[in-house]
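[1] My questions are about this predicted structure, shown below with the sequence.
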Amino acid sequence: MGPMRHLLLFGRRARAGRVKTRLLPLLGVDRTLALYQAWLADQLAFVRSFEPGASVEWWADGDLDPALDAGLPVRDLALRLQGSGDLGERLEVAFTASARAGAAATVVVGADSPTLPAATVDHAFERLERGAEAVLAPAEDGGYVLLGMRGPRLELLRGIPWGGSDVAEATRAAARTAGVSLAEVEGWFDVDDAAGLARLVADLERPAAARRAPETRRVLLDSAFRDVI
């Protein structure tokens, strides 16, 4: 039997003009793509650091392209396809599949929080293993940067205003309505716009964050980014 902890990275593959579109007016296509590729590299290395104590998967929006993905730490990594639908529908598929595969606790993180601390993921698993049915780490913009479940509590994924500032609060309300015990761990931030990018640049001044996201730091230190950070 494999690890009872399942850690899933939810992130699109890096494709020009199709990732982090709210950053395109600030960075342009090439710099946005380079930054997102760095996030993917750092997040993949991050989730893989939990192996072998956790079973790790990358839920992407397409198959790997050897030409584009050669530099990513994906050797022997399980790749799953998100499929269609809104984020809630795609998360439903992932949580259901994880439960069917025997996970006692499943945690999902995204690609755009490249300095999310490992302790946050550990705490999420611990809360689930201590009895919470679900757990989230709120994001500073009103969403969340982590969602975990002991089973596929699909009530938490339906009727949510995805992409808005009320995602976390709507999830809390859904948990209350469904009688689901929802725990929370320390919040963090994700990067969707200029304010988030500035927050990331400031965070990377911390040695722990620089060690956590070396590819992101390397890209942002490039001269191509000097006029925007």
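    Sure thing, it's come through.
[2] where exactly do the strands run in this structure?
    Remark: strands assigned in the chain by DSSP state E are 5-10, 54-60, 78-81, 105-110, 134-138, 144-149, 182-184.
[3] who does the last one touch, helix- and strand-wise?
    Right, strand 182-184. The elements that strand 182-184 packs onto, with contact taken as 3 or more Cβ pairs under 8 Å, 6 or more residues apart in numbering; DSSP states H and E, are strand 134-138, helix 167-178. (C-beta placed from N, C-alpha, C; glycine too.)
[4] nearest to residue 196, of the strands of the chain?
    With distances scored as Cβ to Cβ, the stretch of the strands of the chain nearest to residue 196 is strand 144-149 (11.3 Å).
[5] Direction included, what does the closest one pair up with?
    Take DSSP bridges as the rule and strand 144-149 pairs in its sheet with strand 105-110 (antiparallel), strand 134-138 (antiparallel).
[6] what does the average pLDDT come to for the first one?
    Taken as a whole, strand 105-110 has a mean pLDDT of 98.
[7] List of residues touching it?
    Counting by Cβ atoms under 8 Å, 6 or more residues apart in numbering, the neighbours of strand 105-110 from elsewhere in the structure are 4-11, 43, 46-47, 59, 91, 94-95, 98-99, 116, 121, 124-125, 128-129, 135, 145-150, 190.
[8] Next: stretch 198-206.
    Counting by Cβ under 8 Å, 6+ apart, 114, 115, 140, 189, 191, 209, 210, 213, 216, 217, 220, 229 sit against stretch 198-206.
[9] Same list (the strands paired with strand 144-149) but as JSON lines, adding mean neighbour count and distance to residue 168.
    As requested, the strands paired with strand 144-149 are arranged in JSON lines below (neighbours: other Cβ atoms under 10 Å; distance: least, Cβ to Cβ, whole Å):
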{"stretch": "strand 105-110", "mean neighbour count": "25", "distance to residue 168": "14"}
{"stretch": "strand 134-138", "mean neighbour count": "24", "distance to residue 168": "5"}
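[10] Report the helix or strand with the lowest average pLDDT across the protein.
    Every helix and strand in the chain was compared by mean pLDDT, DSSP states H and E; the lowest is helix 66-69, with a mean of 72.
[11] quick one: the helices in this structure?
    In the chain, the helices defined using DSSP state H lie at 24-48, 66-69, 87-100, 118-129, 167-178, 194-203, 207-212, 214-220.
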